[in-house]
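Asker: Predicted model follows, preceded by the sequence.
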Amino acid sequence: MTLWQRWLVRPQEIWFRKALFQIHLWTGIAIGLYLVLVSLTGSILVFRVEMFITDDAGRNLGDSAVIAWILDLHDNLLAGETGRTINGIGAILLVVLAVTGVVIWWPGTRNWRRSLLVDLRSNWKRLNWNLHSVLGIWFLMFVLLWGVTGIYLSFPQEFYTVSEYLEPLDYASNAERVSDKVLYWLAYGHFGRFNRRLPGCGEGCDLTLKAVWAGAALVPPIMFVTGAIMWWNRVIRRTRREPEGSAQSS
């Protein structure tokens, strides 16, 4: 049986998966609280436009002081350019977390369908694991989207440089480039604020998409909690038991 065949059938036996599990574990521990912070603030900011202050005449006055503070916390961690850079690093680690997570999730060809659902009949430890892995696989595209767009919003100049290299601007034709369209949608896709830019998507559709984005942003905090519980059971409790076992055997 080749390595690829073993991976498809019995991935738990592959050493590379075990190594990725360690990367996933410690990356999650490193940025867990950070992800909770940006996810909760991001969930609020999805409806930023709807929370704009208006005057007596109904004219838009922009953000309230509270929303402006939440925006600065989400975008810059209240630390200006330094915070924006830290956000970019956090977004990169979020992509690492997502990619390693989907590799770890793969249970083999016999069990992958069953691994898409939470088994409510299992014990609490297994239920916690199921909830973590099922939420991770179902919301994978959201997490990857937030990671990639977060990198772009933190380091836009690097994306522009790559765009110019792959598709140089033709000043003669002034035609819109594919890379321009990609960067355009990356900016709006982060918060799900498409503002009726999608064909056939009116006001009701736009609000629905925002609600989906806001709800999905609550998933990373849940995954942090379930992941922390698994870490506690697998690492902390096991470490505490070993000295007790050594003392009894002596």
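Answerer: Okay, I see it. Just so we're clear, the structure is a prediction, and the values are computed from it rather than from any experiment. Numbering: from 1, shown residues only.
Asker: Tell me which residues are up against stretch 7-15.
Answerer: With contacts defined as Cβ atoms under 8 Å, 6 or more residues apart in numbering, stretch 7-15 is touched by 1, 3, 6, 17, 106-110. The C-beta positions use only the backbone N, C-alpha and C, and glycine is treated the same way.
Asker: What is the nearest of those residues to residue 171?
Answerer: residue 106 (47.6 Å; Cβ to Cβ).
Asker: okay, that closest one: pLDDT?
Answerer: What the model reports for residue 106 is a pLDDT of 92.
Asker: Show me what whichever strand or helix holds residue 94 is packed up against.
Answerer: If you go by DSSP states H and E, residue 94 is part of helix 80-105. With contacts taken as 3 or more Cβ pairs under 8 Å, 6 or more residues apart in numbering; DSSP states H and E, helix 80-105 sits against helix 15-45, helix 65-76, helix 124-138, helix 140-154.
Asker: The longest one: how far from the chain's middle?
Answerer: Put simply, helix 15-45 sits 8 Å off its chain's centre (Cα atoms, centre = their mean, to the nearest Å).
Asker: Report the buried residues of that helix.
Answerer: Within helix 15-45, the residues scored as buried using 16 or more other Cβ atoms under 10 Å are 20, 24-25, 27-28, 31-32, 34-45.
Asker: Shouldn't residue 192 be within a helix?
Answerer: No: checked against DSSP: H, G, I helix; E, B strand; the rest coil, residue 192 lies outside a helix; its state is coil.
Asker: can you pull the contacts of it?
Answerer: Residue 192 is in contact with 46, 209-210, 212-214, counting by Cβ under 8 Å, 6+ apart.
Asker: at 10 Å what do you get?
Answerer: Neighbour list for residue 192: 42, 46-47, 142, 145, 206, 208-214, 216-217 [criterion: Cβ atoms under 10 Å, 6 or more residues apart in numbering].
Asker: how near is the closest residue to it other than its chain neighbours to residue 177?
Answerer: Spatial nearest neighbour of residue 192, chain neighbours left out: residue 213 (3.0 Å); criterion: Cβ to Cβ, 6 or more residues apart in numbering. Distance check for residue 213 against residue 177: by Cβ to Cβ, to the nearest Å, it reads 27 Å.
Asker: Alright, I will stop here.
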